[in-house]
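S.K.: Sequence and computational prediction follow.
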Amino acid sequence: MGEERADQREVLDVAMEAGHILLENGAEIFRVEETIDRICGHFGVESENAFVLSNGIFLTAGSSREKVFARVKHIPVRGAQLYRVAAVNQLSREIVEGRYDLPRIRERLEQIRTAPGKRPWVRVLMSGIGSGSFCLMFGGTVRDCLAAFAIGCLLYVYLLCVSGRCSKIVENIGGGMVITVLGIFLVRLPLGLDLSHIISGAIMPLVPGLAFTNGIRDIADGDYISGTVRMIDALLVFLSLAAGVGFTISIYHHLTGGIVL
């Protein structure tokens, strides 16, 4: 019985770790619960019960006579890393197919957790391309798109410098200010024509579209608490960006005596 319980604890530890990686990297609530259930079911832990929120996992298991396992893990809300979500999803399916034992699963989860993302220069370039593309989509000219591309690249350099050193609200207010200052500078040179199109395109790398969409999906699935938390988190980002842009434009408007770009 003791060995059986130890095995069950190990299974539940592994399932909790898989859920942790999914949740902290932007997976939906139902996906986290499904993955935990799949891993536990494959190894014969039928009494498992997982309660997942947007920033925490409650996992219990036991028989009618005594508790075998109970754990709570707090998981802060972070940005999405979908390649890790996809890797854990694939791993859970391979577990069900019987390709891994528990030590190998732990090793594989650690590899997924520590897997490096895209190189910084690639992310900077993709931020610029995304900004320029959205600017074009919103009606900007070729010059506006080039300006948005440059701002998008510089914006991601800013994000790499401040990431983890300040709160998300301060980071996004600063991002809105960086975009607006650079946009005004390029329009005044002039390398851009329409400030509104430039800002609309350049701000897109900061817009939490995935978090907002997942919040709506969680609410639609009946996970009202998790969906509300994600929606509030996304709305705070929207407000922070608007505050940064609005404050900078107001200062410029005041300093230039009412000149409108």
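M.R.: Structure's in. What do you need?
S.K.: contacting residues around stretch 37-49?
M.R.: For stretch 37-49, the surrounding residues in contact (CB atoms under 8 Å, 6 or more residues apart in numbering) are 7-8, 11-12, 14-15, 18, 36, 50, 59-63, 68, 92-93, 95-96, 98, 102, 105. Glycine gets a C-beta too; all of them are placed from N, C-alpha and C.
S.K.: Select only the buried ones of those residues in ChimeraX?
M.R.: Buried members of these, defined by 16 or more other CB atoms under 10 Å, are picked up in ChimeraX with:
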select :8,11,12,14,15,18,36,50,59,60,61,68,92,95,105
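S.K.: Buried residues of the longest helix seen in the chain, list them for me.
M.R.: If you go by DSSP state H, the chain has its longest helix at helix 224-255. For helix 224-255, a neighbour-count test (16+ other CB under 10 Å) marks 226-227, 229-231, 233-234, 237, 240-241, 244-245, 248-249, 252 as buried.
S.K.: now residue 51, what's its secondary structure?
M.R.: Following DSSP: H, G, I helix; E, B strand; the rest coil, we place residue 51 in the strand state.
S.K.: just the helices in the stretch 101-250 of the chain please.
M.R.: Here the stretch 101-250 of the chain has its helices, by DSSP state H, counting those that start in this stretch, at 102-114, 120-137, 142-162, 168-188, 195-202, 209-220, 224-255.
S.K.: least reliable of those helices going by mean pLDDT?
M.R.: Of all those, the minimum mean pLDDT falls on helix 209-220 (a mean of 84).
S.K.: Which strands and helices lie in contact with it?
M.R.: Applying 3 or more CB pairs under 8 Å, 6 or more residues apart in numbering; DSSP states H and E, we find helix 209-220 packed against helix 224-255.
S.K.: Figure out how far the helix it packs on is from the centre of its chain.
M.R.: Relative to its parent chain, helix 224-255 has a centroid offset of 17 Å by CA atoms, centre = their mean, to the nearest Å.
S.K.: ok, now stretch 205-213?
M.R.: 8 Å.
S.K.: Give me the contacts around it.
M.R.: 26, 80, 82, 127, 130-131, 152, 155-156, 159, 172, 175-176, 230-231, 233-234, 237-238, 241.
S.K.: can you list the weak-confidence ranges in the stretch 1-150 of the chain?
M.R.: Applying pLDDT under 70 to the stretch 1-150 of the chain flags residues 1-6, 63-68, 77-78.
S.K.: in it, which spans are strands?
M.R.: 49-53, 56-62, 67-74 (DSSP state E, counting those that start in this stretch).
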